[in-house]
Every structure is written in C-alpha cells, then in structure tokens.
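Colleague: here is my input, please return the structure:
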Amino acid sequence: MCRNIKTLHNFAPPATAEEMHASAVQYVRKLSGTTKPSKANAAVFQQAVDEITAATERLLAGLHTNADPRSREAEAAKAKARGAKREAQLRARYSAS
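Modeller: Residues are numbered from 1 along each chain as shown. This is a model prediction of the structure:
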C-alpha cells in the first residue's frame, strides 16, 4: 500500500475534507501510475479523485467504533519512530556488507 495514504478513521478531531481529498489524490496517483496526468487524462483523473473523495466521506460517516479516538500527534510520533527504526535497520544492513 502507498505509504502516503493515511488512516482517517477515528481521530479527534475527525478527518477534514482536505485530508480526504489528499488521500483520494494519492490513491488515484498510485493506481494510474502518474503524479500529474496529461491534458488528455486530466478530466478522468479529476473525476476519479472526486468520486473517491465522496466515497471516503460516506465510508467515514458510516463507520462506528467503541475505541477511544486517536490523537494525530501520537500517531505521528509512532510513525516517526517506525521510520527511525526502519532507517537504522537499513543502515545496519548496508554497513555490514
């Protein structure tokens, strides 16, 4: 899965329209294999982004959970720690060779 697509469910405050749109853009970019569509494909690219954004809004509105809402700051700290661990593992792997 694309690392740039972030989990949007169960946060306090809830995901914004901008966050949902950004995730939709990343998803369409991943599927299409391009970060910027050609002029010939721009309309269908944008249509896909709009449809996925709308589906994301419906999905998040319909999901229910009993878990406490997550903190964006805590999730960012966890992601940073995972990245540092992954970087340390890569450094160890390549320095050993």
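Colleague: check the spacing between Arg86 and Ala96 real quick.
Modeller: For Arg86, the distance to Ala96 (Cβ to Cβ, to the nearest Å) stands at 16 Å. Placement of C-beta: from N, CA and C, glycine included.
Colleague: neighbour count winner among those two?
Modeller: Neighbour comparison, Arg86 and Ala96: the larger count goes to Arg86, with 10 against 6 (by other Cβ atoms under 10 Å).
Colleague: against Glu75, how distant is the more buried one?
Modeller: In this structure, Arg86 and Glu75 are 16 Å apart, going by Cβ to Cβ.
Colleague: what does Leu63 give?
Modeller: Between Leu63 and Glu75 the distance is 17 Å, computed by Cβ to Cβ.
Colleague: Asn66 too?
Modeller: When Asn66 is compared with Glu75 (using Cβ to Cβ), they lie 19 Å apart.
Colleague: please say which of those two ends up with more neighbours.
Modeller: Under the neighbour definition other Cβ under 10 Å, Asn66 and Glu75 were set side by side, and Glu75 has more, 13 against 4.
Colleague: pretty sure the more buried one is in a strand, no?
Modeller: No. Residue state for Glu75 (DSSP: H, G, I helix; E, B strand; the rest coil) corresponds to helix; a strand is not indicated.
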